[in-house]
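Chemist: Requesting a structural model of the entry that follows:
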Amino acid sequence: MVRTGILTISDKGSRNERIDLTGPAIKDTLEHSIYSVEYYNIIPDEIDLICEELIKMCDELHLDLILTNGGTGFSKRDVTPEATMKVIKKQVPGIPEAMRQKSLAITPKAMLSRATAGIRDNTLIVNLPGSPKGAVENLNFILPALPHGIEILNGTGGECAR
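Modeler: Numbering: from 1, shown residues only. As a prediction, this is how the structure comes out:
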């Protein structure tokens with residue numbers, strides 16, 4: 001099983017002013033597969049809090065995959081990519097590039113996504129959009145490739161493409 005965490009980043013969601021629909025939609029997408037959602041939290045759009053939570057999920061919980069949602073747009077409060085970049089040790093540009101490319105076939109607004117992805121030790125972190133529809137679409141675009149990368153990260157997969 002791929003030990004997975006979902007982190008919803010939303011000021012209103014963290015204050016219980018909005019029900020988080022995106023985190024549960026991501027969880028539903030992963031159910032009945034190799035992904036085991038072992039952690040879920042909602043926090044506000046605060047760069048230091050996001051960094052602390054990501055570090056905890058990587059370094060203390062030792063999750064294989066972290067899927068964030070929210071905070072990837074143009075709002076002044078949108079700081080998820082910046083927080084992610086502060087905690088990762090390696091970038092994985094192909095993941096957000098693929099998500100934007102596939103999303104552009106659906107909406108021209110996809111080019112406005114600032115999502116990023118990267119690796120901290122043995123954990124892959126991927127930023128997804130904040131909307132349930134966008135998050136699930138983008139997750140479905142990348143799911144086929146993730147197991148191979150995660151196997152390489154945790155030392156159970158070969159380096160060679162098949």
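Chemist: which stretches of the chain aren't confidently modelled?
Modeler: 159-162 (pLDDT under 70).
Chemist: so who does Val92 touch?
Modeler: When contacts are counted by CB atoms under 8 Å, 6 or more residues apart in numbering, Val92 touches Ala117, Gly118, Ile119, Leu124, Gly149. For the C-beta atoms, the positions are set from N, CA and C on the backbone; glycine is no exception.
Chemist: same deal with Thr80?
Modeler: Thr80 sits next to Ile9, Asp45, Ile50, Thr68, Gly70, Gly71, Thr72, Ala115, Asn127 when contact means CB under 8 Å, 6+ apart.
Chemist: one more time with 7 Å
Modeler: Counting by CB atoms under 7 Å, 6 or more residues apart in numbering, Thr80 touches Ile9, Ile50, Thr68, Gly70, Gly71, Thr72, Asn127.
Chemist: Quick check: PyMOL command selecting the buried ones in these.
Modeler: With 16 or more other CB atoms under 10 Å as the criterion, this PyMOL line picks the buried residues out of the contacts of Thr80:
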select buried, resi 9+50+68+70+71+72+127
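Chemist: Next, check the contacts of Thr80 against the helices and list the overlap.
Modeler: Members of these lying in helices (criterion: DSSP state H): Ile50.
Chemist: Need the contacts of Thr80 in JSON lines (columns: distance to Tyr39).
Modeler: Below are the contacts of Thr80 laid out as JSON lines (distance: CB to CB, whole Å):
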{"residue": "Ile9", "distance to Tyr39": "14"}
{"residue": "Ile50", "distance to Tyr39": "14"}
{"residue": "Thr68", "distance to Tyr39": "12"}
{"residue": "Gly70", "distance to Tyr39": "16"}
{"residue": "Gly71", "distance to Tyr39": "18"}
{"residue": "Thr72", "distance to Tyr39": "20"}
{"residue": "Asn127", "distance to Tyr39": "16"}
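Chemist: can you name the two of the contacts of Thr80 that are farthest apart?
Modeler: The two members of the contacts of Thr80 with the most space between them (CB to CB) are Ile50 and Thr72, at 11.6 Å.
Chemist: Throw the contacts of Val92 into TSV and include neighbour count, thanks.
Modeler: Output for the contacts of Val92, formatted as TSV (neighbours: other CB atoms under 10 Å):
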residue	neighbour count
Ala117	27
Gly118	21
Ile119	16
Leu124	26
Gly149	19
